[in-house]
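Visitor: here you go, sequence then predicted model.
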Amino acid sequence: MNTVYDFQVTMTNGEQKSLQDYKGQPLIIVNTASKCGFTPQFGGLQELYRKYKDQGLVILGFPSDQFNNQEYDNIEETTQFCQINYGVTFPIFAKIDVNGKHEDALFTFLKEQQKGLLSSKIKWNFTKFLVDREGNVVKRYGPTTPPSKIEEDLIPLL
């Protein structure tokens, strides 16, 4: 696998979606959780999406329950929570593992491309990856980095 466009992901209805569908668009890929201290970042992510979607930006949210079980069991509850509380209109996908034996292949790739501080392992919810229009992972942001801090790196990719 050479770019994020080489991967397929599972949508909330269980169907597969090729990331090839986003070819030529800058992406922010983020592991999310609905009951986390960083959950308000949904608002900042939605603001970036609203501001730059017409220039091609797509944000892809991947709920994960790996950190203190901070995600709903039912994916419909997750998507409703995001829409009602933060007005999320960017794509949210099926719940996945981002670390360990059953981690999603996309996140294995993301972590190989941009290692974190001390290790490649994702340490918590709302780790964000910025991807250029060619599908290359150009930067990784920790959970404490607010979405607004990504804007400076995103603008040159639009």
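Guide: Happy to help now that I have it. Residues are numbered from 1 along each chain as shown.
Visitor: contacting residues around the residue nearest the centre of the chain?
Guide: Per C-alpha atoms, centre = their mean, the C-alpha nearest to the average position across the chain is that of residue 30, at 2.0 Å. Neighbour list for residue 30: 45, 59-62, 126-129 [criterion: C-beta atoms under 8 Å, 6 or more residues apart in numbering]. The way it works is simple: take the backbone N, C-alpha and C, and place the C-beta from them, glycine included.
Visitor: next secondary structure after the one helix or strand it maps to?
Guide: In the assignment (DSSP states H and E), residue 30 maps to strand 27-32. For strand 27-32, the succeeding helix or strand toward the C-terminus, using DSSP H and E, is helix 41-52.
Visitor: what's the first helix or strand after that following helix?
Guide: strand 58-63.
Visitor: that following strand to helix 41-52, inter-axis angle?
Guide: 160 degrees (axes from the mean of the first three to the mean of the last three C-alpha atoms, to 10 degrees).
Visitor: now residue 5. Nearest residue, chain neighbours left out?
Guide: residue 135 (4.2 Å; C-beta to C-beta, 6 or more residues apart in numbering).
Visitor: one step back: neighbour-wise, which of the contacts of residue 30 leads?
Guide: residue 126 (28 neighbours; other C-beta atoms under 10 Å).
Visitor: need phi/psi at it.
Guide: phi 70, psi 40 (degrees, to the nearest 10).
Visitor: and it, how close does it get to residue 29?
Guide: According to C-beta to C-beta, to the nearest Å, residue 126 and residue 29 sit 11 Å apart.
Visitor: same check on residue 39?
Guide: 17 Å.
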